[in-house]
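Peer 1: from the sequence below, what's the structure:
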Amino acid sequence: MSSIAAVVLAAGKGTRMKSELPKPLHQIRGRTLLGWVLSALTPELFDEAVIVVGHGSELVMDSLAEHQSDRRFLFAEQMAQRGTGDATAVGLAELDGAAPSFNDHDHVLVLPGDTPLVTSATVEALIAAHRASEAACTVVTIRVPDPTGYGRIVRTPNQDVEAIVEHADATADQRRIDEINSAVYCFRRSLLAPALRMIDSDNSQGELYLTDVVGVLAQAGHTVVPFEADPGEFAGVNDRSQLGEAATVLDARIATEWMRSGVTIVQPSSTVIDVTATIGPDTTIHAGSVIEGTTTIGESASIGPATHLRNATVGDRAAVTMSRVVDTEVPAEATVGPFTDLGNPIS
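Peer 2: Prediction:
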């Protein structure tokens, strides 16, 4: 079986976040943006993963050391922000240095570190489709009602991908295309480095676009195929508004997972549960409850309404009503509240 490596692009500052915190480290429901992306890259699928860092590189690496200590990652630093093509070349060089032995059947997945909604099921399906097609590159594409600002997918008559044209460089006809680039690709590894060496910065931004690699491969006679995906999974997070939109999607996913495992959530739309929390079966979570951090709730407990738990432990059949519990244990069958405040101040 051919090997698969991942290059995750997480070097950007994220100026639209208007924050001193590097964009990959902004959190949603107990994980950073980068952490959500990496959770979709399951160790069973990938032989190596390179994180390309830049702005706040030490903070990003420290965060992964703390929260992903059970996994091994390679790191490559992009010293100057010269575009996604340059970032990919930096990551690929690190990958080649760590694992120089590969063959024509090995592949590299490249994706941004700010797409927290992508799922492992979609990544697995992409890799399977790429391998089956034997293409030089598979581009994940999505269709949107308003493609303004995004790179357009230009297809050949036989529906392969001919090029990706950035919005600023697109013609009037190309701007009418509703199929856009998701910024996620799977490349045949042996072809990626030579193609990267052939792109230039002759564009409106003066940057090296990874998208130009698609055109280079197609013009050289290699096959580039599209993988049309659910637009909801590939929404990037560039500002706080989009951070909130992603949180809403993840809230629904987390609630659904718990309800399917035997937990009653009375009003999912008003309930917040971090992905790091644990809840036992037959427990009921009432409206307006917030469950954060490493909170553990036992079986047949009752939480809420209007209750806040952070890093709390709640025993079996306990009830916590209209109260706050932080870094504290509530014994089995105990009753807390209403209007009780237990634990440390929230910093």
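Peer 1: what about stretch 223-243, average pLDDT?
Peer 2: The pLDDT scores in stretch 223-243 average 94.
Peer 1: typed the wrong thing, it's stretch 277-291
Peer 2: Rounded mean pLDDT across stretch 277-291 is 98.
Peer 1: buried residues in that stretch, which are they?
Peer 2: Using 16 or more other Cβ atoms under 10 Å as the burial criterion, the residues of stretch 277-291 that qualify are 277, 279-280, 283, 285-286, 288-291. Bear in mind the C-beta positions are built from the backbone N, C-alpha and C, glycine included.
Peer 1: quick one: contacts of it?
Peer 2: Applying Cβ atoms under 8 Å, 6 or more residues apart in numbering, the external contacts of stretch 277-291 come out as 30, 258, 261-267, 270-274, 292-309, 316.
Peer 1: show the end-to-end separation of that stretch, please.
Peer 2: Terminal residues of stretch 277-291 are spaced 7 Å apart (Cα to Cα, to the nearest Å).
Peer 1: distance from the chain centre to that stretch, please.
Peer 2: In terms of Cα atoms, centre = their mean, to the nearest Å, the centre of stretch 277-291 is found 25 Å from the chain centre.
Peer 1: same thing with stretch 260-270?
Peer 2: Offset of stretch 260-270 from its chain centre (Cα atoms, centre = their mean): 24 Å.
Peer 1: equivalent analysis for stretch 246-258, please.
Peer 2: Distance, centroid of stretch 246-258 to centroid of chain: 14 Å (Cα atoms, centre = their mean).
Peer 1: for it, give the mean pLDDT please.
Peer 2: Mean pLDDT, stretch 246-258: 97.
Peer 1: who touches it?
Peer 2: The contact list for stretch 246-258 (Cβ under 8 Å, 6+ apart) reads 28-29, 36, 116-117, 232, 235, 237, 265, 268-269, 271-275, 279, 285.
Peer 1: pull out the buried members of the residues you listed.
Peer 2: Neighbour-count burial (16+ other Cβ under 10 Å) applied to the contacts of stretch 246-258 gives 28-29, 36, 116-117, 235, 237, 265, 268, 271-274, 279, 285.
Peer 1: return the closest of the residues you listed with respect to A6.
Peer 2: Nearest to A6, judged by Cβ to Cβ, of the buried ones among the contacts of stretch 246-258 is W36 at 14.2 Å.
Peer 1: okay, and which of the contacts of stretch 246-258 map to helices?
Peer 2: The helices, defined by DSSP state H, take in W36 from these.
Peer 1: ok, back up a step: so among the contacts of stretch 277-291, which ones count as buried?
Peer 2: Buried subset of the contacts of stretch 277-291 (neighbour count, 16+ other Cβ under 10 Å): 30, 258, 263, 265, 270-274, 292, 295-298, 300-309.
Peer 1: and these, which of them are in helices?
Peer 2: Under the assignment DSSP H, these contribute W258 to helices.
Peer 1: coming back round to it: in strands, which of the contacts of stretch 277-291 fall?
Peer 2: Mapping the contacts of stretch 277-291 onto strands (DSSP state E) picks out 264-265, 272-273, 292, 296-297, 302-303, 308-309.
Peer 1: of all those, which comes closest to D106?
Peer 2: Nearest to D106 out of the ones in strands among the contacts of stretch 277-291 is I273 (Cβ to Cβ; 39.1 Å).
Peer 1: my guess is G56 contacts S19. True?
Peer 2: No: taking contacts as Cβ atoms under 8 Å, G56 lies outside contact range of S19: 10.3 Å.
Peer 1: between the two, who's got more neighbours?
Peer 2: Neighbour count, other Cβ atoms under 10 Å: between G56 and S19, G56 has more, with 20 against 14.
Peer 1: now do the helices in the stretch 51-200 of the chain.
Peer 2: 57-67, 84-98, 120-133, 172-175, 189-196 (DSSP state H, counting those that start in this stretch).
Peer 1: in TSV: these, plus distance to A218 and mean pLDDT.
Peer 2: What follows is the helices of the stretch 51-200 of the chain, written out as TSV (distance: least, Cβ to Cβ, whole Å; pLDDT from 0 to 100):
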stretch	distance to A218	mean pLDDT
helix 57-67	34	90
helix 84-98	16	92
helix 120-133	14	95
helix 172-175	15	96
helix 189-196	10	94
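Peer 1: what's the closest of these to L210?
Peer 2: Among the helices of the stretch 51-200 of the chain, helix 84-98 comes nearest to L210, with 3.9 Å by Cβ to Cβ.
Peer 1: tell me the angle the closest one makes with helix 189-196.
Peer 2: 140 degrees (axes from the mean of the first three to the mean of the last three Cα atoms, to 10 degrees).
Peer 1: with just CA atoms, put helix 84-98 into CSV.
Peer 2: In CSV, the C-alpha atoms belonging to helix 84-98 read as follows (Å, rounded to 0.1, in the frame of the first residue of the first chain):
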residue,chain,number,x,y,z
THR,A,84,0.6,28.9,0.0
GLY,A,85,2.9,27.5,-2.7
ASP,A,86,5.9,28.6,-0.6
ALA,A,87,4.4,27.2,2.6
THR,A,88,3.8,23.9,0.9
ALA,A,89,7.4,23.8,-0.4
VAL,A,90,8.7,24.5,3.1
GLY,A,91,6.6,21.6,4.5
LEU,A,92,7.5,19.2,1.8
ALA,A,93,11.2,19.9,2.3
GLU,A,94,10.8,19.0,6.0
LEU,A,95,8.9,15.9,5.1
ASP,A,96,11.6,14.9,2.6
GLY,A,97,14.3,15.4,5.1
ALA,A,98,12.6,13.2,7.7
